[in-house]
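Participant: next come a sequence and a model predicted from it.
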Amino acid sequence: MLKADFHVHTYHSRDANIKPKDLVLKAKVMGIDILAITDHNTIDGFGEVESEAKKLYKDLILFRGEEIRVKGGEIIALGISKEIPKKLSPMEACKLVREQGGFIILPHPFDRFRKGLGNSSLKILNYIDAVEVFNSRTMFSSFNKKNLSFAQKNNIPMIASSDAHFLEEFGNAWTVIDSARNRNDILKAVREGKTKADGKCSGIKPHLKTSLRRYRII
């Protein structure tokens, strides 16, 4: 069994401040086997995390990712090598991800306060590889319950993620995967639903810090 967090930000996201070295060290302490770097509309943070992992945690399995702002919400792409432009329609963005052979996650879809796609997700149903049924930044459990219901109703594999923007949030949610230790097998296992989502709410403090960070107050 492997422990994964497929939704983590670094300081390359304007509203986050996690340093790659600190992230890698905490992943090692927390027993995280798999980590996806999903900064907002950029893949720039991945290289720094990869460099630190080679020095500090060689067994860490990394995925290059991007949390992409699309019309009406957000999607996450994993396994891409080129950035996907923001503000495309969800369908246009998904097609570009697929052209790169990427894996598509639907993050916090029914969180009304955090760019969830909601029922618009139905338009890209055939592209979604996994639904984030638990996001530790989601403040209301009813939103996570709707995420879970959507995934179950549409028979889509389920994951949980910390969506960490600050180091203290990292480790608050994770996905346990029944898989061998290589990227292809990991994504195959997720697509086959060999996952267990778990975690806890990070509370309101990270959201307050995000607002301050966005305007460079902290």
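Facilitator: On my side now, so go ahead.

Participant: need the three-state assignment for residue 6.
Facilitator: Each residue gets one of three states, and residue 6 gets strand by DSSP: H, G, I helix; E, B strand; the rest coil.

Participant: surely it touches residue 65?
Facilitator: Yes. The pair residue 6 / residue 65 is scored as a contact, 7.4 Å apart, by Cβ atoms under 8 Å. All C-beta spots, glycine's among them, are computed from the backbone N, C-alpha and C.

Participant: low-confidence stretches in the chain?
Facilitator: Within the chain, the ranges that satisfy pLDDT under 70 run 206-207, 215.

Participant: hey, where'd the strands end up in it?
Facilitator: Per DSSP state E, the chain carries strands over the ranges 2-8, 34-37, 61-70, 73-78, 103-106, 130-135, 158-161, 173-177, 195-199.

Participant: show me the one of those strands that comes nearest residue 115.
Facilitator: strand 73-78 (4.7 Å; Cβ to Cβ).

Participant: and that closest one, what other elements does it pack with?
Facilitator: With contacts defined as 3 or more Cβ pairs under 8 Å, 6 or more residues apart in numbering; DSSP states H and E, strand 73-78 has these neighbours: strand 2-8, strand 61-70, helix 90-99, strand 103-106.

Participant: hang on, the earlier thing: residue 6 and residue 65: which has the busier surroundings?
Facilitator: Between residue 6 and residue 65, residue 6 has the larger neighbour count (other Cβ atoms under 10 Å), namely 29 against 25.

Participant: ok, and the closest non-adjacent residue to the more buried one?
Facilitator: residue 36 (4.3 Å; Cβ to Cβ, 6 or more residues apart in numbering).

Participant: before we move on, the earlier item: mind putting the helices and strands packed on strand 73-78 into TSV with distance to residue 134?
Facilitator: Formatted as TSV, the helices and strands packed on strand 73-78 follow (distance: least, Cβ to Cβ, whole Å):
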stretch	distance to residue 134
strand 2-8	11
strand 61-70	16
helix 90-99	22
strand 103-106	13
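
Participant: which one of these lies closest to residue 55?
Facilitator: strand 61-70 (13.2 Å).

Participant: what's the offset of stretch 97-106 from the middle of its chain?
Facilitator: 13 Å (Cα atoms, centre = their mean, to the nearest Å).
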